[in-house]
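Colleague: Generate coordinates for the sequence data below:
(2 chains, ligands or ions: 2)
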Amino acid sequence: MNIVVCIKQVPDSAATLKVEEPSNVSWGDALLIINPWDEYAIEEAIRLKEKFGGKVTVLTVGTEQSKEALKQAVAMGCDEAHLISDPAFVGSDALAMTYILAQAIKQLGEVDLVAFGKQAIDSDTGLVPAGVARRLGWPLLSYIAKIDEIDPAGKSLKVTRLLEQGRQSVSSKLPVVITAVKEINEPRYPSFMNIRKAGKLQIPVLDAAAIGADVSKLGATQAATQWLKVFPPPARTGTVEMISGDSPQAIAVTLADKLLAEKVI
Amino acid sequence: MDFTLTPEHLMIQNLVRDFGQKEVQPTIKEWDRQQQMNPETLPRMAELGILGICLPVKYGGQGFDYIALGLVCEELEAIDTSLRVVMSVHMGLNSLAVLQWGTEAQKQRFLVPQAKGEKYAMFGLTEPGVGSDVANLASTAKRDGSDYLINGEKMWISLATKAHHILWFAKTDPNAKNPHEGITAFMIDAGTKGVTCGDLHGKLGVRAGSTGWVNCSEVRVPQENRIGEEGEGFKIAMSALDNGRYTVGAGAAGIIRASLEASVKYAKERQAFGKEIGKHQLVQQKIAYMVQRYEIARLLYLRAGWLKNLGRRNTRETSLAKWYITDASFESANEAIQIHGAYGYSDEYDVERYLRNSRGAIIYEGTSEIHQLMQAGYALGYREDGELRCELPKYDPKVWQEE
Ligand SMILES: Cc1cc2nc3c(=O)[nH]c(=O)nc-3n(C[C@H](O)[C@H](O)[C@H](O)COP(=O)(O)OP(=O)(O)OC[C@H]3O[C@@H](n4cnc5c(N)ncnc54)[C@H](O)[C@@H]3O)c2cc1C
Ligand SMILES: Cc1cc2nc3c(=O)[nH]c(=O)nc-3n(C[C@H](O)[C@H](O)[C@H](O)COP(=O)(O)OP(=O)(O)OC[C@H]3O[C@@H](n4cnc5c(N)ncnc54)[C@H](O)[C@@H]3O)c2cc1C
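Modeller: Residues are numbered from 1 along each chain as shown, chains lettered A, B, ... in the order given. Ligands and ions are numbered 1, 2, ... in the order given. Coordinates of the predicted model:
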């Protein structure tokens, strides 16, 4: 199978974010990591490759620094990595991002499956996979908790989607775009062998010309959405009430009554 | 001067950190209480490749440098000392000695399975009657045709009941005029007839690790198992300690970091006199010292690793790193307990284990007193490092990563 995984480099989930006027978000010198949801997509792609053969190519739209995230993906077992980067991409919004990624994917030959995480933990729109699927003209199977069957030769698959209301079983034709939720697998550690490989890897950089992107559709001026203001949510307020009682049972009863009264349970 | 770690170093660090936090941290307290080593630990470290981290790929290792070894030790000991001890004996004291002194045939026989983690390795120098005073050890190796017959007892041996290969030091010439020149090194398979072993219990720390005794009674060892020449054993032991001490120092930096992290967290949670205790200046002072000790520790051990990478002699620098960092880790764990108050005194929190674990490293691989003698010796010009017949090979990524 020819599988593509799109990943995004994001600040560590443990980083302390600061918002400065007007709308600059900064995270100091906190680590940058692979968007945690994308690790599930990487793991699933590697498992498919291990089962059916083929290769896994990992892509990111970003800066020179994003190569670290690509190397991490290769250390987990992806075969190839491309950084998609061009000064013309600066200021692109989610819509433009889908165009860039779709253009890049079209350069990779006959692709069977493109895997994403369900969303990015920083900008958090969840729009990119749907946009990429639309531009490629492929079905989108989002929130996948399990790939139940896949037939690369017959070009079909069946998956379980995890929805708030329950689970949904869906079948589709390949090629397809999927997004993964954490129930799908347990991402592996990188291996030392692959860390060696990642360390030596020269990551090719594809610019706008290389992916055949029309730069007049990109950049801040062309963005369909604008970040008008970014601000931290107001600090949470609330009061703490310590419940006391003669026995654990009595305390539990008081607690349960209060929770019922507040309609929490 | 370049202080940056490579992307490979960072990935290695992350991998080992993840392993420790996900697979060891959740149950370490239980194993420590039971004074048992988790039977999963060694096989998992082998499977992940940690046991061959800085050995050449062509010998079954992972092909990374000596800095990577230090970083791995720091990550392991930030979780529990018993994990780092594995690296000290298996890698620092045994495998690297084979890499340095072994013949090609010995590397194939001993180093390859050790690098792959198929065999675990230990180091047998200390005896019931001799620790610091190595030259006076009592074990003997007598020539018998092309074999040696080994007798004697080793004590305080890490992995005594777990490892397969022991690097054993014995007197081939008990009457040598210079007792240092009467010692010879042998690699002994723990399965050989006449080898017995057992664990010691009731240790203050490293309770989730194995420490014990190994006895040799008329153990027949072929000449091919002799590492180096007859009479070279003392030099081999000391050069092995240059690597073992490096792992101990790097590991102890992990205890300082863990003590610091636990202290910072607790200082922000605990309230006293109307504010979080982190706002009290004397608590801040303890934290400031931990930061200072951690950063000095990193500089000292990474410099030693850098010298090893270059193939430069580092006995003095490694001894300094080991002495300073192990003392500093004990101080830091002690202050971490103080910051935690009574809670720090109970095993509800990890800091009491850090204190117990840090204590041993002030004794093994050269007591702090021995390191002070060494440092004074260098400063006063009483001590000088002579050249060795075999030096630890410098790190060459091409050679190390050649398949
Ligand atoms: C420093 C910075 C500056 C930005 N400036 C602007 C701006 O000026 N205007 C604006 O509108 N937006 C801006 N953005 C937002 C950026 O364009 C979004 O990352 C983009 O819209 C994707 O949306 P998302 O992060 O919500 O991804 P989602 O749609 O939530 O992510 C879903 C999936 O898409 C993948 N994906 C997302 N982005 C990429 C990528 N770059 N490469 C590969 N895969 C990806 C994710 O990894 C994930 O698997 C900025 C972001 C950053 C980090
Ligand atoms: C947990 C643990 C694991 C160990 N693992 C191993 C192992 O795997 N392999 C191995 O071979 N050994 C191992 N050891 C043994 C360790 O290396 C020795 O304990 C150490 O070398 C000290 O020797 P000793 O205990 O005999 O103390 P001694 O040498 O008897 O020293 C007792 C005291 O006298 C002091 N002293 C001695 N000589 C001098 C001097 N010249 N000047 C000033 N003070 C001096 C010492 O500093 C110390 O304070 C381990 C020990 C422990 C605790």
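Colleague: Please make it C-alpha for all contacts and neighbour counts, starting now.
Modeller: Noted.
Colleague: I would like the residues contacting stretch A:143-156, please.
Modeller: By Cα atoms under 8 Å, 6 or more residues apart in numbering or on different chains, the residues outside stretch A:143-156 that reach it are A:1, A:52, A:112, A:118, A:157-163, A:171-175, A:178-184.
Colleague: buried subset of these?
Modeller: For those, a burial check counting by 16 or more other Cα atoms under 10 Å in any protein chain shown picks out A:1, A:112, A:118, A:157-162, A:172-175, A:178-182, A:184.
Colleague: out of those, who's near ligand 1?
Modeller: Near ligand 1, judged by Cα under 6 Å from any ligand atom, the entries from the buried ones among the contacts of stretch A:143-156 are residue A:118.
Colleague: so of the contacts of stretch A:143-156, which ones are in helices?
Modeller: residue A:52 (DSSP state H).
Colleague: how about the residues of chain B near chain A?
Modeller: For chain B, the residues in contact with chain A (Cα under 8 Å from any Cα of the partner chain) are B:7-8, B:11-12, B:15, B:18, B:48-49, B:62-63, B:401.
Colleague: can you do 7 Å?
Modeller: B:7-8, B:15, B:48-49, B:62 (Cα under 7 Å from any Cα of the partner chain).
Colleague: just the helices in the stretch 251-400 of chain B please.
Modeller: Counting by DSSP state H, counting those that start in this stretch, the segments of the stretch 251-400 of chain B that form helices are B:281-310, B:315-344, B:351-360, B:368-380, B:397-401.
Colleague: so which of the ones you listed comes closest to residue B:72?
Modeller: helix B:281-310 (12.0 Å; Cα to Cα).
Colleague: that older thread, take the helices of the stretch 251-400 of chain B and lay them out in CSV including mean neighbour count and mean pLDDT.
Modeller: Conversion of the helices of the stretch 251-400 of chain B to CSV gives the following (neighbours: other Cα atoms under 10 Å in any protein chain shown; pLDDT from 0 to 100):
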stretch, mean neighbour count, mean pLDDT
helix B:281-310, 20, 98
helix B:315-344, 24, 98
helix B:351-360, 24, 98
helix B:368-380, 15, 98
helix B:397-401, 15, 96
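Colleague: Any chance of CSV for these, columns distance to residue B:22?
Modeller: Formatted as CSV, the helices of the stretch 251-400 of chain B follow (distance: least, Cα to Cα, whole Å):
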stretch, distance to residue B:22
helix B:281-310, 24
helix B:315-344, 23
helix B:351-360, 19
helix B:368-380, 34
helix B:397-401, 29
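Colleague: got the residues of the stretch 51-200 of chain A near chain B?
Modeller: So far as Cα under 7 Å from any Cα goes, the stretch 51-200 of chain A lies against chain B at A:189-193, A:195, A:199.
Colleague: give me that answer again for 10 Å
Modeller: A:67-69, A:71-72, A:75, A:188-200 (Cα under 10 Å from any Cα of the partner chain).
Colleague: List buried residues within the residues you listed.
Modeller: Neighbour counting with 16+ other Cα under 10 Å marks A:67-69, A:71-72, A:75, A:189-199 as buried within those.
Colleague: could you pull out the helices for the stretch 151-265 of chain A?
Modeller: Taking DSSP H, counting those that start in this stretch to define them, one finds helices in the stretch 151-265 of chain A at A:192-200, A:248-261.
Colleague: Nearest approach to ligand 1 belongs to which of these?
Modeller: For these, proximity to ligand 1 was assessed by Cα to the nearest ligand atom; helix A:192-200 is nearest, at 18.6 Å.
Colleague: other SSEs contacting the closest one?
Modeller: The helices and strands touching helix A:192-200, judged by 3 or more Cα pairs under 10 Å, 6 or more residues apart in numbering or on different chains; DSSP states H and E, are helix A:67-76, helix B:7-19, helix B:397-401.
Colleague: The first one vs ligand 1: in contact?
Modeller: Pointing back at helix A:67-76 there. No: Helix A:67-76 does not reach ligand 1 (Cα under 6 Å from any ligand atom); its nearest approach is 10.3 Å.
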